[in-house]
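1. Got a sequence here, can you build the structure:
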Amino acid sequence: TSDMYLPAPFIKKLLLTKGYDDSKLYLSSVERKTKHSGTLFDYVLKEENIKPDQLLHVGDNIHADINIASSKGIRTYYLQPYSKSNALYLKHKGKHVHQLNNPLESVMLGTVLKGESKNPYNDNTKKELWKIGYELVGPNHLSYLNFIINKTIYLGLEKIHFLARDGYYLNEAFKLIKTQQQLPLASNYLLASRHLYTFPMIKEINEIAIYKLITPFQRLKVKDLLLRIGMHPEKYKKTLGSYGFNNLDAFLPINKIGELADPKTKVQLCNFFLEIKDDILKEAKLAFANLLEYIEENKVDEKTAIVDVGWQGSSISSLTKLLKAYGKEGPYGFFFGTWGDITTLQKEGIQLDSFYFHAGRPNYRAQHLMTSVAICELFFTAPHPTVISLKKDANSWDAVYEEETLNEEEQQIKEIVFEGSMQFITDLLEVSDLKLEHCNNYIQVVNNSFFRSPSATIASILGKYRHKISYGSISSLIPIARTPNYDLRGSQWKKHKKDLLKETLWIDATKSMLKDRPRF
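-> Below is the predicted model of the structure:
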C-alpha cells in the first residue's frame, strides 16, 4: 500500500527484482486515493473485507503510515526510515542545522557532499557558480519537479507544458528524470510571456485596455510602449510628437510607486492610444488568432498542466480566459511559489497548486524569497530574450523576441550555474531504487541560508546579473545587487550605502557586501 506516483507495472517489476512475489498492490496512482488523507486505508479494508484490527500497517511516515492508520483502528509499526538512530541532521558546512525527514533528503545531502570533489573549474568565480548550481539550484529544480511529477500523475494528467521563459531549465531537467524513472508523461517547452498571453485578449480600447497598455511604468521609454505590443515606434513618431512625445528614447516621468507623476502626461498617452486604436485592435486580433492556433496545436487543455515560477499566476489566468472564450477548460497550473492574491484565481475556479509556498503560506518560506525574487528568477529564466509574438513558418512556430540580450558575463553565469544543477540531478539519479518524494524541509534550510545569508563573494558574483524591473522595457535592466564603491569615505560612503540599499533587488546580498568593506 503506497502513496506512489509511478504506475503499477513499474512497481511490480521493481518488487520482483527484489525477490517479492507478484502480490496485490494498492497504489494512490491507480486508485486515486491516498494514505495521507486516509481514503486509501478505507478502500483497502473494503476490498479485503476485513476489520481494521485485522490489518497491520508498517511504514516510515509518521503522519500517513502511523497516525492516520491508527485513527482508523489499524495496528501499526513504525519503521525507521534510514538508520537505527533518529538523530540524523543536515549539517551543511556549519551554516545551518536541520533534521532530515526522509531517505531522499538524506541522499540529496550525501550527493552534495560527495559532489564537492567534482567541481571542474579552477577559476574562483566559475568554481563558485558551479557550486551554486550543484548545491542550491539543482536541489531546487529536482524538488520542484518531484512535486510536479507526483501531482501530475496523481491527477491523471497527460502532458506537462513548461512555459517560456521560467520553465526552460526545468524542461531540460525533466527530460533527465523522465528517462531515468521511465515516466509515462509527455512534455514540451511552450512559448509564453506576459505580453504574448494578455495583449491578444484586448477586444476594445477602453479604460481597462489603456491601463494595460501604459503600465507598469518602471523605467519605460516612450518607444517601449509600442515595442512591447509588437508595433514599430518609428511609424508613430509623428503622431507621438503631436502629443508632446518628441523623443522616442526619453524616459517617461514616474513617481516612487511606479505611476505617472504628471496627470497631463497620462491624458496625452491615453489620447495617443485612442487615436491609433484601429491599428492596436488589428494587431491584437492577429495575435489572438496566432495564439489560439498555437495553443490548440500544442494541446493545452484540461488534461494537461502548465509549469511556471509564480507569483500571481498571470499565465494560468490568461490561458484559462482564452480557452473559456471558446467553451474549453483551461489546464492545471503548477508554480514554485505564489503570493496571497492567488486565492482570487482559485475562487474563479482555476485549478492550481504551489510547491514552496502557496498564497504566501507558510510565511517563513515566503519570506525567504520576498526580498530576493530577482535572484530566484535568475535560476529559472531561460538564456533567450522575452517572447513578444509568434509567427508560423511552414509547419513550425517561431518566436519573435525582444531586443534584450545577455552580456558575456551574464551568459557565463547562466551556463555554469545550469551546468552544476544538471550535474547534481544526474548524480542523484544514479542512486538505485530512488523514491522521488517530498523534500521541502531540505530545500527550506538551503534556501534560507543562501537567500538570507549569502557570502559577500557570492553576492558580488551574482549581483552583476541584470534583472528587468518592468515588462516590455530593456531600459529597465538593472544589476540585482550593485557592488559597493569601497573607496568612498565619510558622508559620501553613508549616502552611497543608503542609495545601494534603496535600489537593490536582493537586499541581503547588498548588506553582505557592505559588511565586507575593508577597514581603513
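2. any chance you could map the helices in the stretch 151-300 of the chain?
-> Using DSSP state H, counting those that start in this stretch, the helices of the stretch 151-300 of the chain run over residues 168-181, 194-198, 207-214, 224-227, 237-242, 263-275, 277-297.
3. Let's see the longest one as PDB, backbone CA atoms only.
-> Right, the one you point to is helix 277-297. Extracted C-alpha coordinates of helix 277-297, given in PDB (Å, rounded to 0.1, in the frame of the first residue of the first chain):
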ATOM      1  CA  LYS A 277      -6.800  52.200 -31.600                       C
ATOM      2  CA  ASP A 278      -7.700  50.700 -35.000                       C
ATOM      3  CA  ASP A 279      -4.100  49.600 -35.500                       C
ATOM      4  CA  ILE A 280      -3.900  48.200 -32.000                       C
ATOM      5  CA  LEU A 281      -7.100  46.200 -32.400                       C
ATOM      6  CA  LYS A 282      -5.900  44.900 -35.700                       C
ATOM      7  CA  GLU A 283      -2.600  43.700 -34.200                       C
ATOM      8  CA  ALA A 284      -4.400  42.200 -31.200                       C
ATOM      9  CA  LYS A 285      -6.800  40.300 -33.400                       C
ATOM     10  CA  LEU A 286      -3.900  38.800 -35.400                       C
ATOM     11  CA  ALA A 287      -2.000  38.000 -32.200                       C
ATOM     12  CA  PHE A 288      -5.200  36.300 -30.800                       C
ATOM     13  CA  ALA A 289      -5.600  34.100 -33.900                       C
ATOM     14  CA  ASN A 290      -2.000  33.100 -33.800                       C
ATOM     15  CA  LEU A 291      -2.000  32.300 -30.100                       C
ATOM     16  CA  LEU A 292      -5.200  30.300 -30.300                       C
ATOM     17  CA  GLU A 293      -3.900  28.200 -33.200                       C
ATOM     18  CA  TYR A 294      -0.600  27.700 -31.300                       C
ATOM     19  CA  ILE A 295      -2.400  26.600 -28.100                       C
ATOM     20  CA  GLU A 296      -4.600  24.200 -30.000                       C
ATOM     21  CA  GLU A 297      -1.700  22.600 -31.900                       C
END
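4. what sits up against the next helix or strand after that helix?
-> For helix 277-297, the succeeding helix or strand toward the C-terminus, using DSSP states H and E, is strand 304-308. Contacts with strand 304-308, where a contact means C-beta atoms under 8 Å, 6 or more residues apart in numbering, come from 148, 151-152, 155, 157-163, 166-167, 170, 190, 192, 300, 315-316, 319, 331-336. Using the backbone N, CA and C atoms, a C-beta is placed for each residue, glycine as well.
5. pLDDT below threshold where in the stretch 351-500 of the chain?
-> 404, 469-476 (pLDDT under 70).
6. Would you map the strands across it?
-> For the stretch 351-500 of the chain, applying DSSP state E, counting those that start in this stretch gives strands covering 352-357, 387-393, 396-401, 466-468, 477-479.
7. I'd like the average pLDDT over stretch 505-520.
-> Here stretch 505-520 scores 88 as its mean pLDDT.
8. What sits closest to the residue sitting nearest the centre point of the chain if chain neighbours are left out?
-> Centroid-nearest residue in the chain, with C-alpha atoms, centre = their mean: Val309, separated by 2.0 Å. Leaving out its chain neighbours, the residue that sits closest to Val309 by C-beta to C-beta, 6 or more residues apart in numbering is Asp166, at 3.9 Å.
9. Please look at that neighbour and Glu377 and confirm they touch.
-> Yes. Counting by C-beta atoms under 8 Å, Asp166 does reach Glu377; the two are 7.0 Å apart.
10. what residues are shared contacts of the two?
-> With C-beta under 8 Å, 6+ apart as the test, Asp166 and Glu377 both reach Val309.
11. And the contacts of the helix or strand where Lys502 lies?
-> Per DSSP H and E, Lys502 falls inside helix 490-503. Helix 490-503 is contacted by residues 478, 482, 484-485, 488, 507, 510-511, 514 when judged by C-beta under 8 Å, 6+ apart.
12. mind checking how far it is from the chain centre?
-> 33 Å (C-alpha atoms, centre = their mean, to the nearest Å).
13. Going by neighbour count, list what's buried in the following helix or strand past that helix.
-> Downstream of helix 490-503, the next assigned helix or strand under DSSP H and E is helix 507-515. Residues 507-514 are the ones in helix 507-515 that count as buried (16 or more other C-beta atoms under 10 Å).
14. could you dump helix 507-515 to CSV, C-alpha only?
-> Output in CSV follows, covering the C-alpha atoms of helix 507-515 (Å, rounded to 0.1, in the frame of the first residue of the first chain):
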residue,chain,number,x,y,z
ILE,A,507,18.8,43.4,-0.1
ASP,A,508,20.6,40.6,1.9
ALA,A,509,23.3,40.4,-0.7
THR,A,510,23.9,44.2,-0.6
LYS,A,511,24.1,44.1,3.2
SER,A,512,26.6,41.3,3.0
MET,A,513,28.8,43.2,0.6
LEU,A,514,28.5,46.4,2.7
LYS,A,515,29.7,44.5,5.7
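15. Just list what it packs against, helices and strands only.
-> helix 456-463, helix 490-503 (3 or more C-beta pairs under 8 Å, 6 or more residues apart in numbering; DSSP states H and E).
16. count of residues packed around Gly340?
-> The tally of other residues near Gly340 (other C-beta atoms under 10 Å) stands at 12.
17. got a pLDDT number for it?
-> For Gly340, pLDDT reads 88.
18. give me every residue that touches it.
-> 359-360.
19. three-state assignment of it?
-> Three-state call for Gly340 (DSSP: H, G, I helix; E, B strand; the rest coil): coil.
20. Endpoints of stretch 349-358, how far apart?
-> With C-alpha to C-alpha, to the nearest Å as the measure, the first residue of stretch 349-358 is 16 Å from its last.
21. Let's have the helices of the stretch 151-300 of the chain in TSV, adding mean pLDDT, distance to Thr76 and mean neighbour count.
-> Formatted as TSV, those follow (pLDDT from 0 to 100; distance: least, C-beta to C-beta, whole Å; neighbours: other C-beta atoms under 10 Å):
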stretch	mean pLDDT	distance to Thr76	mean neighbour count
helix 168-181	93	29	18
helix 194-198	78	49	21
helix 207-214	72	56	15
helix 224-227	81	62	23
helix 237-242	93	73	14
helix 263-275	87	66	15
helix 277-297	89	48	16
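22. what's the nearest residue to His57 if we skip its chain neighbours?
-> Ala69 (4.6 Å).
23. Can you give me the pLDDT of the one you found?
-> 93.
24. Distance-wise, check it relative to Asp42.
-> 11 Å (C-beta to C-beta, to the nearest Å).
25. more neighbours, those two?
-> Ala69 (27 against 13).
26. Quick check: the residue nearest to His57 is in a helix.
-> Yes. Assessed by three-state DSSP, Ala69 belongs to a helix.
27. The helix holding Lys502 versus helix 507-515: what angle between them?
-> 160 degrees (axes from the mean of the first three to the mean of the last three C-alpha atoms, to 10 degrees).
28. got the contact list for Val387?
-> 164-165, 191-193, 196, 399-401.
29. Specify the beta-bridge partners of it.
-> Taking DSSP bridges, one obtains Tyr401 as the residues bridged to Val387.
30. Just want to check the distance between it and Val400.
-> From Val387 to Val400 the distance is 7 Å (C-beta to C-beta).
31. same deal with Ala261?
-> 32 Å.
32. Report the contact partners of Val112.
-> Applying C-beta under 8 Å, 6+ apart, the residues contacting Val112 are 92, 134-135, 139, 424.
33. So which of the helices of the stretch 151-300 of the chain is nearest Phe355?
-> helix 168-181 (11.0 Å; C-beta to C-beta).
34. Thanks a lot, catch you later.
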